[in-house]
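Undergrad: Here is a sequence together with a model predicted from it:
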Amino acid sequence: MRAVTYTRYGGPDVLRLADVPAPVPGDREILIRVRAAEATKSDCEFRSFRFPVKATWLPLRLVLGVTRPRRPVLGMYFAGEVVSAGGRVTRFAPGDQVYGCTGLRLGAYGEFVVLPDRAALAPKPRTMTFAEAAAVPLGGLNALHFMRRARIRPGEQVLINGAGGSIGAHAVQIARSMGADVTAVDHGTKEDFVRRLGAGDFVDYSTVDVTTTGRTFDVIFDMVAASPYRRLVGMLRPGGRYLHGNPRLSVLVRSVPATRFTDKTVTVAFAPETSEALATLTKLIEAGVVRPIVDRIYPMAEAAVAHRRVETEQRLGAVVIAVDERDEQPV
Ligand SMILES: NC(=O)c1ccc[n+]([C@@H]2O[C@H](COP(=O)([O-])OP(=O)(O)OC[C@H]3O[C@@H](n4cnc5c(N)ncnc54)[C@H](OP(=O)(O)O)[C@@H]3O)[C@@H](O)[C@H]2O)c1
């Protein structure tokens, strides 16, 4: 099968389109033809092995390969079609259109992927193309997890830091659907994009430090590793909740006393990826609550260009790799 591969860690040019053996499913596994995969910030971090949160370096190196990548096909979030299901699989049948996550097995940048029947998979939303659906699992699952944990009440003021990214753009929509008034912080080029998703107010981080605006919030959701923890927590109203999806070790350590000894709650977490949460997202999408956030779609041969856009350009939403040429679009 064709796949975007990498055999050493490095810049976008380590990505190569190559022929590799197709995976073979076992009795409890599902073989999926991938139609489209999101090229995420995490994929770029795995490829280059440079992480904003340094504490993740060693454990991930042990999992992904010490001297070179152990799994040569990147990609964790995709949409595709079930080709076959092992004899003991009851959840899916050939022809089913699905979307989901491969987890640390990776592999979504290849034409076929094999996943266990317990993997985070759900029927693809009927209202989305494969490319649009591939852009949902990362951002949607993280946003849903954190917005639920924030226990947002209608009318609350919610600040989303990094609101124009894959996770932030879904969080804006989900927080809005819970009745929050959303203030988005991101680069000024993304203001119209996040306002269209439901943000009522916008702060351009490249010109204004939001912590100097005197504003206060009931909930702050932060996806920016280098953000000023103390000053952001200082913007919380009594009973306020600060949730960090990309925390440095120091934030992790400070979250415990902050939650125990003040009237504020600090939550740091990695969002679990489950089929149930994906099914909830499908409902939100089909109800029109969560809308597509695709920025650009690149063919497999241009995976390096796609990664460069994710890493260095001001994109509006998710960058997608069309693993099947039916899902390609002129860039
Ligand atoms: N907790 C988890 O379970 C989990 C799961 C997946 C990923 N992550 C991590 O979370 C991070 C974000 O993920 P993502 O996929 O949403 O990334 P993303 O799509 O790159 O979004 C990040 C957004 O934050 C913006 N930003 C950068 N610096 C900022 C600042 N100082 N203030 C406000 N906004 C700023 C970026 O804008 P620019 O374009 O201007 O840089 C971008 O729009 C990644 O590092 C990823 O590894 C965590």
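TA: Received, thanks. Numbers count the residues shown, from 1 in each chain.
Undergrad: Tell me which other helices or strands whichever strand or helix holds residue 309 touches.
TA: Using DSSP states H and E, residue 309 sits within helix 303-312. Packed against helix 303-312 by the contact rule (3 or more CB pairs under 8 Å, 6 or more residues apart in numbering; DSSP states H and E) you find strand 29-39, helix 41-48, strand 294-299, strand 318-322. (C-beta placed from N, C-alpha, C; glycine too.)
Undergrad: ok, and for that helix, which residues are buried?
TA: For helix 303-312, a neighbour-count test (16 or more other CB atoms under 10 Å) marks 303, 304, 305, 306, 307, 308, 309, 310, 311 as buried.
Undergrad: number of nearby residues for the nearest residue to the third one once chain neighbours are set aside?
TA: Leaving aside its chain neighbours, residue 305 sits nearest to residue 298 (5.9 Å; criterion: CB to CB, 6 or more residues apart in numbering). Residue 298 has 20 neighbours, counted by other CB atoms under 10 Å.
Undergrad: Tell me who's in contact with residue 175.
TA: Neighbouring residues of residue 175 by CB atoms under 8 Å, 6 or more residues apart in numbering: 147, 150, 152, 158, 160, 182, 198, 219, 221.
Undergrad: For the closest residue to residue 86 other than its chain neighbours, give me phi and psi.
TA: Excluding the flanking residues, the one nearest residue 86 by CB to CB, 6+ apart is residue 27, at 4.2 Å. Torsion angles at residue 27 (phi, psi; degrees, to the nearest 10) stand at phi -60, psi -40.
Undergrad: that older thread, contacts only, for the residue nearest to residue 305.
TA: Residue 298 is in contact with 39, 305, 306, 309, 319, 320, 321, 322, 331, counting by CB under 8 Å, 6+ apart.
Undergrad: gap between it and residue 4?
TA: Here residue 298 is placed at a distance of 10 Å from residue 4 (CB to CB, to the nearest Å).
Undergrad: what do the two both touch?
TA: Contacts common to residue 298 and residue 4, judged by CB under 8 Å, 6+ apart, are residue 321.
Undergrad: what does the stretch 101-250 of the chain have sitting close to the ligand?
TA: By the rule CB under 6 Å from any ligand atom, the part of the stretch 101-250 of the chain lying against the ligand is 138, 142, 161-162, 164-168, 185-187, 205, 223-225, 245-246.
Undergrad: just the helices in the stretch 1-150 of the chain please.
TA: Along the stretch 1-150 of the chain, counting by DSSP state H, counting those that start in this stretch, helices occupy 41-48, 57-64, 130-134, 137-149.
Undergrad: show me what contacts the one residue sitting closest to the centre of the chain?
TA: Among the residues of the chain, the one closest to the centroid is residue 138, at 2.7 Å (CA atoms, centre = their mean). Taking CB under 8 Å, 6+ apart as the criterion, residue 138 is in contact with 38, 40, 42, 76, 77, 101, 166, 167, 318.
Undergrad: got any ranges where the stretch 201-331 of the chain has weak pLDDT?
TA: In the predicted model, the stretch 201-331 of the chain carries pLDDT under 70 at residues 330-331.
Undergrad: Pull the number of nearby residues for residue 276.
TA: 10.
Undergrad: which SSE is it in?
TA: Element membership for residue 276 (DSSP H and E) is helix 275-286.
Undergrad: Tell me the buried residues in that helix?
TA: Neighbour-count burial for helix 275-286 flags 275, 277, 278, 280, 281, 282, 284, 285 (criterion: 16+ other CB under 10 Å).
Undergrad: so it versus helix 137-149, what angle?
TA: Relative orientation of helix 275-286 versus helix 137-149 (axes from the mean of the first three to the mean of the last three CA atoms, to 10 degrees): 100 degrees.
Undergrad: Return the member of the buried residues of helix 275-286 nearest to the ligand.
TA: Among these, residue 277 lies closest to the ligand (CB to the nearest ligand atom), at 12.2 Å.
Undergrad: is it true that that closest one touches residue 142?
TA: No - at 9.8 Å, residue 277 and residue 142 do not qualify as touching, with contact defined as CB atoms under 8 Å.
Undergrad: Most proximal residue of this protein with respect to the ligand?
TA: Per CB to the nearest ligand atom, residue 165 is where the chain lies closest to the ligand, at 1.7 Å.
Undergrad: measure that residue to residue 182 for me?
TA: 15 Å.
Undergrad: Between those two, which is the more surrounded one?
TA: Each of residue 165 and residue 182 has its neighbours counted (other CB under 10 Å); residue 182 has more, 29 against 26.
Undergrad: Nearest residue to that one in space, please, no chain neighbours.
TA: Excluding the flanking residues, the one nearest residue 182 by CB to CB, 6+ apart is residue 199, at 4.6 Å.
Undergrad: Check residue 20 too.
TA: Of all residues not flanking residue 20 in the chain, residue 3 sits nearest, at 5.0 Å (CB to CB, 6+ apart).
Undergrad: show me what contacts that neighbour?
TA: 17, 18, 19, 20, 72, 73, 107, 109, 110, 111, 300.
Undergrad: for stretch 261-272, the distance to its chain's centre please.
TA: 20 Å (CA atoms, centre = their mean, to the nearest Å).
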